[in-house]
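Student: let me see the structure of the following:
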Amino acid sequence: MHTVFRFLRQLLLTVLLLALLVLVAAGGYFAVTGHKLYESAIQVTPIDTLYSSISSREGFVPYAQLPQTYINAVISAEDSRFTHHKGVDPVSIARALVTDLRTGSFAEGGSTITQQLAKNTLFTQEKHLARKAAEMFAALAIEKQYNKEQIFEMYVNTIYFGSGHYGIGEAAQGYFGKPTRELTRAECVVLAGLPNAPSVYAANGDLARKRALVVVERMERAKKLTHTQALELRDEVSALPLW
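Tutor: Numbering: from 1, shown residues only. As a prediction, this is how the structure comes out:
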């Protein structure tokens, strides 16, 4: 019996060691492949020209013209540790991995705002591990080149809001008929929620409202709102006429 137990323990250790070696080899492969993809992407769109290219577009909205509620809502919904990380957030990646393993959905990606900016401006939307690695290399480079306000500006001025609207300026006009600086708190929260699934929410106002209420919840969790303020904002969102 003791011999069998020792054999099984050795077998288990061997299997675990082999699995670890496979993971290390796979990680190395995707890192090398991802870095090549990153190098190829920045040959087409250099990191140091990214801000000038985006900020020169018609309808670009600078950070100073973004309502604070909108800024807080986007950060709370998309990347609550945005001001703390350097482009890639191991804490969010670990949290997303735990959530994915628990739910079996693999819906959480742990991507930061900077990574999403890199994905939207430098790469295709195709999902594969090499592109994810390339996205991380790009995010680290973007954080070295630009400050947080510039990164946030680039992100909200390039994301898709549905109904053909790219960027927060187009979205504010398209959905609410006003410039960004005139958005109400409820309108800010609705727009902050749309990029999560733009085509779905643009086609269904009820779903867009439900998503906005999730954003309010995340703002409270991120301590951007007190509980009383969150309740008030929920009422404002619920009363806001949507498409």
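
Student: switch to C-alpha atoms for all contacts and neighbour counts from now on
Tutor: Noted.

Student: nearest residue to G167 other than its sequence neighbours?
Tutor: Of all residues not flanking G167 in the chain, N157 sits nearest, at 3.8 Å (C-alpha to C-alpha, 6 or more residues apart in numbering).

Student: show me the contact partners of stretch 225-243.
Tutor: Stretch 225-243 has contacts (C-alpha atoms under 8 Å, 6 or more residues apart in numbering) with 185-187, 189-190, 202, 204-206, 209, 212-213, 216-217, 219-220.

Student: which strands or helices does the helix or strand where Q116 lies pack on?
Tutor: Per DSSP states H and E, Q116 falls inside helix 113-122. In terms of contacts (3 or more C-alpha pairs under 8 Å, 6 or more residues apart in numbering; DSSP states H and E), helix 113-122 is packed against helix 129-145, helix 148-156.

Student: do that again at 7 Å, thanks
Tutor: Packed against helix 113-122 by the contact rule (3 or more C-alpha pairs under 7 Å, 6 or more residues apart in numbering; DSSP states H and E) you find helix 129-145.

Student: ok, back up a step: what about the residue nearest to G167, neighbour count?
Tutor: 24 (other C-alpha atoms under 10 Å).

Student: read off the pLDDT value for it.
Tutor: Note for N157: predicted pLDDT of 98.

Student: now swap in A19 and tell me
Tutor: According to the prediction, A19 has pLDDT 53.

Student: follow-up on the earlier one: out of the contacts of stretch 225-243, the closest to T112 would be?
Tutor: Distance to T112 across these (C-alpha to C-alpha) is lowest for M219, with 16.5 Å.

Student: quick revisit: and the angle from the helix holding Q116 to helix 148-156?
Tutor: 50 degrees (axes from the mean of the first three to the mean of the last three C-alpha atoms, to 10 degrees).

Student: these two touch, right, Y63 and N147?
Tutor: No: in this structure, Y63 is not within contact of N147 by C-alpha atoms under 7 Å, at 11.7 Å.

Student: the more surrounded of these two?
Tutor: Set Y63 next to N147 and count neighbours by other C-alpha under 10 Å: Y63 wins out with 17 against 11.

Student: distance of the nearest residue to that one once chain neighbours are set aside relative to K224?
Tutor: Nearest non-adjacent residue to Y63, counting by C-alpha to C-alpha, 6+ apart: E153, 5.7 Å away. Per C-alpha to C-alpha, to the nearest Å, E153 is found 20 Å from K224.
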